Structure formats: structure tokens, C-alpha cells
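Enquirer: how would this look folded up:
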Amino acid sequence: MRRPSLRTPALAAFAAATVLFTACGNPSATTSPTAQGTSAAGLPAPEVSSVRVGVIETTTAHDFEVAYTQNLFSKYGITVDVHKFTGDGPLAQALAAGQVDFGLDTAGVGPIASQVTDVPLLVVACNKDNLGDILYSAHNITSASDLKGKGIAISSFGSETYGEALIAIKALGLTTDQVTITPIGNDGQRRAALAAGSVGASLNDGSAINDMTALGFNALLSLGSLSTGLPILNVVTQKSFAQKNPNTTLAVTAAMIEGNHIFLTDIQAAVDAAVKYEGADRTKTQALVVSDQAGWHPVNGIPLLADWTAAKQLYVKTDAALASVDPKSVFTTKFTDQLKSLGWYTKLGIPTS
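Expert: Below you'll find the model as predicted:
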């Protein structure tokens, strides 16, 4: 079965968002004259008092959950107005349209695709680039050959699972012409589609392997076993916002990296945050946190050129228009470098190498 072109989901979504951005203007956070002095946490005082942040309903957003429930944004002098999205694609569109000021824990294809639009986005921190999902398949699909002509469920085009699907297809020795990448929705919806036979395989959380195999599904490929990584949990804003509000951007960056640090060093705090924010079951959350901590990288939020080069090389195979994008234009280490120079990393005990 030949799947449809993937160029439209990646770039047309940004084109549509750019039209909305132009038509509606660029609503921004409430601004004040450039603040003087420092915040209570010792960083330059933010230019704005409140920002709108977009987040995705996901059980791997440990950095945001900790930052939010432990009031780390307030620690750095800002309040956040949280807007929830069903996937990376809609969140990236909202960022491009100026409907939110920051996208937290967003995947990589959106920022890359935005570079060829009128509203380029900027990654200011990356809190995860290792892959933890598994490609589960129906009980009668036990090999790559069996998967030919079938669908692979992802959350949305431009999402983490979209990138994982491309990696899995290549790792299995298949091509994107031999399977259909199918946007379904969140983890539970993808699992339901697999159970119903709507798709032949689905990308779901690796920590659910016991539950998934108990339901009769096969663990066809563990993405964590591959050397390939992707920048999948990023702090993203419009380049124009970061330029206009550098202290605010620094504050959000600090809150998210500190949230990630607490998640990695304090299991109980991470579990408490997930239970409080998601209303999740404590026992299952404990197992999830322990599973997610294994192999988690990076620990310091510093974006890596190698990650973005790999991401571009992956996505350009399904969208030739991205060939002109310089990976260096997608991210900046300006804010993490500033945190280094202020002694922030040393104070919190976060390694920078």
C-alpha cells in the first residue's frame, strides 16, 4: 500500500499557521518596560510577568510536570497560563500563529519546518533526545515482512512518534512506500486502533511492554535499542519572542531544565508531580518514572548540533523542502551558555558536559 506524501503535514501546517498569524496579529504576553535588577532566584528579571505555554498530554513530560507543580516558573519570576494540545503538530501551529509564547516538550520536526516559513521557531533547550518507545505489532505480525501494506499508528505528523516511525521503518529494512504512517492520537487511542485492527503496528511507551504483550501484541522493535536519537522534548519559542524577551526566555529555560534535573535526581518528587498533575495512579507512575530515567539524555538541557543534524537528515527524506535548512539555525545555546556564566548549573549541581 502506497502511503500519501508527508510533505503536506510538515510544511502546509506551518503555512496555514502563518496565514492565521498574519490575519490575527501576534498576541504576546503582557509586557512591561525592560525590567531592572534580578529575580529572587538570581537571574535577570523577566521582561514580562506572564507567558502562555503550550504542553502536550504525555506521560514523558516529567520536566514540565515537576516545574509546574513545584512552582519553578514562579521561582524565576513568571506565571504561566497553560494551554493543552493533543499532539506536537497542533502545538507547533499554535506557536507559529502566536497563540502561545512557548511550546514545552515539543518534537523536532516543527522547529525545523518553521525555518522555511515567515515565522521561524527557536529551540532554547532540549531535555530529551533518547528514544523510549516500542513499535508494537498485532499478534499476527511478527516480522518486518508481515508489516508491509499495513499502517503504523502515530500521534500526529510532526510528532515524536512521527520521527520514531521513520526511524523504525528504516531499521526494519522497509521503505515509507511499503507502509502507511497513520495519525491516530494519544497513546491510548493508538493502542485502541491496534487492538481494533485499524493498523498493523503502533508506537507506544516502552514501559508498557508487560501490559502490551499480555494483550497479545508483539514488541516488534524497541527504539531504545537503536543508536539513533532525536531531539524530542524541547523548549521552543518564536525567534522574535526570544529576541524581544531574552530574560523571560532565560527564566522559562531555567525552570524547565531544573524541573528535568529534579525528575532525574529525585524519584519521589517526579512521582508526586505526575500524580498531582495527571491524576495518575501512584504505583504505575512509580514504575513509569523508573523506566523513563534509564538512559535519559541529556541531563543539562543543552541543545546538540548532532541531534539537529540527524533530525534534519531524517525528515528531509520525506520533505525535500527542508534541504535548505541549516541545523544551526534551529536552536541556540545562548541561554544555556548564559546560565553557565551565571554559575547557575554549578549552584544546582547539574553537569554541563
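Enquirer: let me know how buried the closest residue to Lys239 other than its chain neighbours is, in neighbour terms.
Expert: Excluding its sequence neighbours, the residue lying closest to Lys239 (C-beta to C-beta, 6 or more residues apart in numbering) is Leu122, at 4.5 Å. (Each C-beta comes from the backbone N, C-alpha and C, glycine too.) Per other C-beta atoms under 10 Å, the neighbour tally for Leu122 reads 25.
Enquirer: same question, Ala196
Expert: Other residues lying near Ala196 total 8 when counted by other C-beta under 10 Å.
Enquirer: give me phi/psi at it?
Expert: Note on Ala196: backbone dihedrals following degrees, to the nearest 10 are phi -80, psi -10.
Enquirer: one step back: please save the CA atoms from the helix or strand containing the residue nearest to Lys239 in CSV.
Expert: Element membership for Leu122 (DSSP states H and E) is strand 121-128. Output of strand 121-128 as CSV, limited to C-alpha atoms (Å, rounded to 0.1, in the frame of the first residue of the first chain):
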residue,chain,number,x,y,z
LEU,A,121,10.8,29.0,15.7
LEU,A,122,13.8,28.6,18.0
VAL,A,123,14.8,25.8,20.3
VAL,A,124,16.3,27.2,23.5
ALA,A,125,16.7,23.9,25.4
CYS,A,126,16.4,20.2,24.8
ASN,A,127,15.6,17.9,27.8
LYS,A,128,15.4,14.6,26.0
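Enquirer: sorry, back to before: spit out the contact partners of the residue nearest to Lys239.
Expert: By C-beta atoms under 8 Å, 6 or more residues apart in numbering, the residues touching Leu122 are Pro111, Val236, Thr237, Gln238, Lys239, Ala242, Val330, Phe331, Thr332.
Enquirer: quick check: buried residues in the longest helix anywhere in the chain?
Expert: In terms of residue count, the longest helix belonging to the chain (DSSP state H) is helix 246-265. Going by neighbour count (16 or more other C-beta atoms under 10 Å), the buried part of helix 246-265 is 246-264.
Enquirer: what does stretch 175-189 give?
Expert: Thr176, Gln178, Val179, Thr180, Ile181, Thr182, Pro183, Ile184, Gly185, Asn186, Asp187.
Enquirer: for the fifth one, name its beta-bridge partners.
Expert: The reference is to Ile181. Ile181 forms beta bridges with Ile152, as assigned by DSSP bridges.
Enquirer: distance check, the closest residue to Gly54 other than its chain neighbours against Leu223.
Expert: Counting by C-beta to C-beta, 6+ apart, Gly54 lies nearest to Val100, which is 4.0 Å off, once chain neighbours are set aside. Distance of Val100 to Leu223, given as C-beta to C-beta, to the nearest Å: 28 Å.
Enquirer: the strand holding Leu122: what's the following helix or strand?
Expert: Taking DSSP H and E, what comes next after strand 121-128 is strand 133-137.
Enquirer: so what are the sheet partners of that following strand and their directions?
Expert: Paired neighbours of strand 133-137 in the sheet (DSSP bridges): strand 201-205 (antiparallel), strand 218-222 (antiparallel).
Enquirer: how about the strands in the chain?
Expert: With DSSP state E, the ranges of strands along the chain come out as 50-56, 79-85, 102-106, 121-128, 133-137, 151-154, 180-183, 201-205, 218-222, 233-238.
Enquirer: the longest one vs helix 246-265, what angle?
Expert: With axes from the mean of the first three to the mean of the last three C-alpha atoms, to 10 degrees as the criterion, the two stretches strand 121-128 and helix 246-265 enclose an angle of 20 degrees.
Enquirer: and the second one, by the same measure?
Expert: Relative orientation of strand 79-85 with respect to helix 246-265: 70 degrees, computed using the same axes, to 10 degrees.
Enquirer: list the buried ones in strand 79-85?
Expert: Buried residues in strand 79-85 (16+ other C-beta under 10 Å): Val80, Phe85.
Enquirer: bridge partners for the residue nearest to Lys239, pull those for me.
Expert: Thr237.
Enquirer: most packed of the strands paired with strand 133-137?
Expert: strand 201-205 (a mean of 26; mean count of other C-beta atoms under 10 Å).
Enquirer: residues in contact with that one?
Expert: Counting by C-beta under 8 Å, 6+ apart, 59-60, 132-138, 141, 147, 150-154, 161, 164-165, 168, 184, 187, 190-191, 193-194, 212, 220, 223, 288 sit against strand 201-205.
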